[in-house]
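Q: Sequence first, then the predicted structure, then my questions.
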Amino acid sequence: MTSVKGDFVFGRHAGIDFLKNEDAGKINKIFLQNGVQQDFANQVYGLAKKKHLVVQEAPKNKLDKLVDFGNHQGLVLAISSFEYADLDQSLEKLATKENPFILMLDSIEDPHNLGSILRTCDATGVDLVIIPKRRASGLTSVVAKTSTGAIDHVPVCRVNNLVQTVKQLKKAGYWVFGTAMSGQDYRTWDAKGKSVLVIGNEGKGISPLLLKQMDQTLTIPMIGHVQSLNASVATGVLLYQMLNTTHPLVK
């Protein structure tokens, strides 16, 4: 069976053909049903390994829901119809810019949050967004709808390892800022120069290994009873501080 439904390709023939022939950048994740024949599972894992893709084994009822009970035959590929930017090419383009600004998202899982963040990135002039390939939302139709068109204007790059990417950015002269409860008041943050802002996961924040790479951490003071903000709201607050320091007279 050959089927495409929304953000998914499913069915053994369609899935295997897509894995063999399509750009790996279009595939967000591979869902493989628990207990499928070992030969077929080995074939899927072998193709996934060649393209550095994540395979997640899941029960049949989860795959059923993903494709609205289509005949998936134990294999579902979550795909993106949106093109990702190349990191090296993007950094080359930014090399001569006066205040290049990059936003790195550490495992933002909710596509609505990602879409809202991209909308704010477009409004504030963010040059590039970096997301991880694993355990994070990719560019989907839900993200596109929530971004209200910003997805077409803000370059998004997916990388295998955020820690290694931060090290690469530092070698290129970027200063890296992250969010933390014990950080410096964000209102004192001057984002001029080559800057990267790292926003953590909705529930866990920035992962410990990535947090160690920060040159400085920032916090948003709060006086209410709930001492946290939605990830997209916190990102918006910080991005407007960035805009205020890099373009103070913008209207």
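A: Looks like it arrived, so ask away.
Q: List of residues touching stretch 105-118?
A: Outside stretch 105-118, the residues that touch it by Cβ atoms under 8 Å, 6 or more residues apart in numbering are 103, 129-132, 134-137, 139-140, 142-147, 150-151, 154, 156, 162, 198-202, 204-207, 210, 230-232, 235-236. C-beta: built from backbone N, CA, C; applies to glycine.
Q: Just those residues: which are in helices?
A: Secondary structure from DSSP state H places 142-147, 162, 210, 231-232, 235-236 of those in helices.
Q: would you turn those into JSON lines with neighbour count?
A: Listed next are the ones in helices among the contacts of stretch 105-118 as JSON lines, based on neighbours: other Cβ atoms under 10 Å:
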{"residue": "Val142", "neighbour count": "16"}
{"residue": "Val143", "neighbour count": "25"}
{"residue": "Ala144", "neighbour count": "20"}
{"residue": "Lys145", "neighbour count": "13"}
{"residue": "Thr146", "neighbour count": "21"}
{"residue": "Ser147", "neighbour count": "24"}
{"residue": "Leu162", "neighbour count": "24"}
{"residue": "Leu210", "neighbour count": "22"}
{"residue": "Ala231", "neighbour count": "24"}
{"residue": "Ser232", "neighbour count": "21"}
{"residue": "Thr235", "neighbour count": "25"}
{"residue": "Gly236", "neighbour count": "19"}
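Q: which two from those residues end up farthest apart in space?
A: Using Cβ to Cβ, the two most remote members of those are Lys145 and Leu210, lying 29.1 Å apart.
Q: just how off-centre is stretch 49-65 within its chain?
A: The chain centroid and the centroid of stretch 49-65 are separated by 19 Å, computed with Cα atoms, centre = their mean, to the nearest Å.
Q: Quick check: buried residues in it?
A: 53, 55, 58, 63 (16 or more other Cβ atoms under 10 Å).
Q: The third one: what's it in contact with?
A: Think Ala58. 31-34.
Q: Thanks a lot, catch you later.
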